[in-house]
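sequence unavailable; structure follows:
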C-alpha cells in the first residue's frame, strides 16, 4: 500500500484540508463498519490517514492524519486545533506564525520561505518517515493570497529537490474575477510560474464554479420539487457521523466539494476494483507533455455534496452530467475546445460495458487531438462513496483552461502597466521587476502551447507515412 | 508433463485465477460422458499438469503471481482459498507496494531488473516441483505497465535460463477505445520484445471477447469477471489433456511443428477445424461436444496494423515520450520496436 501526505498551506488550504480529513474519517469509519468478508484485508484509507488506528462505535480513536499544516497566521489552524478534529492532528505537524503574509506572494515565498525552510523540511521528512512507501504529496492552497500562493509554491521546489521520486499533485484555488484581494493577479501569476515548473499535476478550481454548484443545489432543494429528507449517511454534510457540524460558514459547502474531489481521486488507489488506477497512472496518462499538466475536474452526482435526498438518476445520466459545465470545478468550455486526454474514475456498481457504452455515446460530441483520438483512461473502483451507489470523477486535460489563464494575464497586465501596488513586492529582498516579467513570459509560453494545439483542432486527421520495410 | 503459469499484473492475475478455477472445476466434474477409467485418467493428467498436491489433499496451483502492488494479488489469493477446492502456494507470490503506473519503461527497466532475482527464484522453485516439466504459460496484458513491461522482461529471462522449454504468452489485446491512453506505446514495446523471446503468442482481444459476451451469451451488464470467465473457458479447453491419433495421452504441444516461422501469433476464432487434430472422449466443462480452434493466420494483421498506426501517430507528435525516457526507454527503442513490427506485418501480408 502506498501513502500520501497532504500539505495544506494558508487559510484556504487549511480550511479545505480540514473538510477533507473530516470526510476521509467518515469514509474510513463507514467502510470499516461494513462487515468485511472474512478473507479480505481491511480496506483502510490508510494511505491518507496514519496507522495505529482503532475504531469504536464509529468514532475514530487514534488515527493520525498524514498532514502538514502551514499558515503564517494562527487563526485558522488554532480553530482546527480547538475544533472536533483536534485529535486527528499532531501538534508536531504544524507550522504557524503570527503576522500573516499580507496577501503578498513575495512575503510568503521569500520571507517566510527562507525563515521556515528548515522547519518545513523537518516536518516533511518526519511525515515521510512514517510512510512505508510514500507515493504522493497533495498540496492544497489558493493562488490569490500570500501564504498559500507564496509559501505554498516555495514548498513545491523544496519537495522536488528533497523527494524527487514522489509525485506532487496541487489543488489550486484560482481567484474569481470579483476577488476582493486586489493583488491576486500578481500573486497568481507569480505562483503559476512555480506550478509550471515544479508540479506534476495541477487541478485548477475557481470559487465561482463552486459557488454556482452550491447555488444550483440550493435552488433544487428549495424549489420543493424534491423531498428534503436528510440522507442519514450522505458523505457530505449530514451531522450524523460528522465531527464538524456543517454549514457553519459560507465557504464550508464549497470546500466540501473540493474535499470530495480529493477523496474520489484516491479511491481507486485505496480500494479494490476490477480496473484499478493508481495516482502515478493519472500523471502517466493525462500529461502528454511536461508543461501541460492542468486538469479540469468534474464530479457527479452533485447530490453527494449536500445532505439532500435527490432521487438517484440513471447511470447514463451520470456520465452525461460529468461532461456538463454545471458539474465542473472550473469555469471552462471543454466541449468546444480540444481534449488532449480524459480520465473517467468510476466508483460503485458500474461495469465495463456501462463504461464503454457511455464513452461511445459521448465521444462524437467531444474533440480529441489528432494523435490521441481515443485518449480515454478509465478506472473501476468497487466501493462507492458513503451513502451512494455510484459516482464519477472526470479529469480532462483540455485546452479550455487557456481562457482562464488569458484572463488572469489580462488582469495582471492592467495592474502591472500602472505599476500599481508593485512597491509592496519590490521592497522584499530578492524581488525585482524581472521576477514579474519572467512569470508573465512563463505563462505566455504556456498559453502559446495551448494555442498551437488549438490550431490543429478542425484539421482532418492525417495518417502519417509509416516506416517502409524492405523485404 | 507440467506447465508452470506466471501471472503478471492486474489482468494476468485476474485471468489466471479464472483459468485455474475453470480447469479444476472441469476436471472434477462428474459429467465426463465417458467411462470411469477414462475420467480418472483425465483427471489425473489435468491435475498433474496444473496442480501439485499438498499434504491435506488440496491441490495447489503451479503458479507464480507477480504484481507491483498488493490489492489484486490479495484478492486473487483469497478468492482461491475461499473456493475450498484449490489454492495458490503460500510463497508463490511476489508483490511490491507501488504499481508500475501504466508505464512499460518503469516495468521493464526499473521493476524488472530490481526484482529479477526474487521473481526468477520463485519460478525456479515451481519448476523444481514438477516431475516432468514441459513449459511456461505467461498471462499478461499489453496495455498496462506491469503485465506488459515486467512480462516482457521475465519472458526474456526465461528464454535465457530455460531455452529448451516452451514459452507461451497469453496476451490480452486492449479495447480499441482506451482503457489506458498510452496502451499503444505499451503494446508495441511489448510485442516487439516478446517477438524475440517467446515461442508462441496466444492473443485475445478484449473487444472480441466483449462481443462474445454481448451477442453470443446475451449478458446485459458485462463485467470484467464475465470477460475473464469466457477467456478461462476457452483457455481451459485448449489446455486440457487430449489424445493424439493413437490412444495415449500426451500433452498437446503448441502448434509449432505445423508451422515454419519462429515466434508466431495465434488468434482465437470460432470453433471449426484445425490442421492438427487432437481428440478426447472426455467432455469438457459439461458440454457434450466442444471444439476449439487455435490458428495462426493473417487474421491478426489488421489489429496489429491499427495499433502500430496509432502508436506511430502519437510518436510523431512526441506525446508522452518524456514519461518513457525518464526510465531509460529512448526514442531509438521506440523506432526499433516500430521496425520489428512493420516487418511482421509485411511478412504476414506477403503470405
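Alright, I've got the coordinates. Keep in mind the model is a prediction, meaning the values are calculated, not measured.

going by C-alpha atoms from here, please, whenever you check contacts or count neighbours.
Fine.

helix, strand, or coil at residue A:78?
Three-state assignment for residue A:78 (DSSP: H, G, I helix; E, B strand; the rest coil): helix.

distance-wise, check it relative to chain B.
As judged by C-alpha to the nearest C-alpha, to the nearest Å, residue A:78 and chain B stand 36 Å apart.

in stretch B:308-328, what counts as buried?
B:308-315, B:319-324, B:327 (16 or more other C-alpha atoms under 10 Å in any protein chain shown).

next, count neighbours for residue B:111.
Residue B:111 has 21 neighbours, counted by other C-alpha atoms under 10 Å in any protein chain shown.

close to chain A, is stretch B:306-322?
Yes - judged by C-alpha under 8 Å from any C-alpha of the partner chain, stretch B:306-322 comes into contact with chain A at B:309, B:310, B:312, B:313, B:314, B:317, B:319, B:320, B:321, B:322.

quick one: residues in contact with that stretch.
Residues outside stretch B:306-322 that contact it (C-alpha atoms under 8 Å, 6 or more residues apart in numbering or on different chains): A:284-285, A:287-290, A:371-372, A:463-464, A:466, B:182, B:184-185, B:187-188, B:331, B:338, B:341-342.

what bridges to residue A:70?
In this entry, residue A:70 is beta-bridged to residue A:9, residue A:95, by DSSP bridges.

just the pLDDT at it, thanks.
On pLDDT, residue A:70 comes in at 92.

how close does the residue of the stretch 51-200 of chain A found nearest chain B sit to residue A:3?
Using C-alpha to the nearest C-alpha, the single residue of the stretch 51-200 of chain A nearest to chain B is residue A:133, 6.8 Å away. Separation of residue A:133 from residue A:3 (C-alpha to C-alpha, to the nearest Å): 6 Å.

can you check residue A:344 too?
Using C-alpha to C-alpha, residue A:344 is found at 22 Å from residue A:3.

and if you look at residue B:217?
Distance of residue B:217 to residue A:3, computed by C-alpha to C-alpha: 42 Å.

which one's more surrounded, those two?
residue A:3 (24 against 11).

quick check: beta-bridge partners of that one?
Beta-bridge partners recorded for residue A:3 (DSSP bridges): residue A:134.

that one reaches residue A:137, doesn't it?
No - look at residue A:3 against residue A:137 with C-alpha atoms under 8 Å: they stay out of range, at 9.0 Å.

helix or strand: which one has residue B:202?
Using DSSP states H and E, residue B:202 sits in strand B:200-205.

I misspoke; the intended subject was residue A:277.
Here residue A:277 is assigned to no helix or strand, by DSSP H and E.

where's the closest residue to chain B within the stretch 1-150 of chain A relative to residue A:270, distance?
Nearest to chain B, among the residues of the stretch 1-150 of chain A, is residue A:1, at 5.0 Å (C-alpha to the nearest C-alpha). As judged by C-alpha to C-alpha, residue A:1 and residue A:270 stand 8 Å apart.

tell me which residues of stretch A:204-220 come out buried.
A:204, A:205, A:206, A:207, A:208, A:209, A:210, A:211, A:212, A:213, A:214, A:217.

you'd agree residue A:344 is in a helix?
No - going by three-state DSSP, the assignment for residue A:344 is strand, not a helix.

check contacts around it.
Residue A:344 makes contact with A:376, A:377, A:378, A:379, A:392, A:393, A:394, A:395, according to C-alpha under 8 Å, 6+ apart.

residue A:367: how many residues sit nearby?
Neighbours of residue A:367 (other C-alpha under 10 Å): 18.

pretty sure residue A:346 contacts residue A:383?
No - the pair residue A:346 and residue A:383 fails to qualify as a contact (C-alpha under 8 Å) at a distance of 9.5 Å.

more neighbours: which of the two?
The residue with more neighbours, out of residue A:346 and residue A:383, is residue A:346; 29 against 22, by other C-alpha under 10 Å.

pLDDT at the more buried one, what is it?
pLDDT, read off for residue A:346, is 93.

the closest residue to it other than its chain neighbours: which element?
Sequence neighbours aside, residue A:392 is the residue nearest to residue A:346 in space, at 4.6 Å (criterion: C-alpha to C-alpha, 6 or more residues apart in numbering or on different chains). Under the criterion of DSSP H and E, residue A:392 resides in strand A:390-398.
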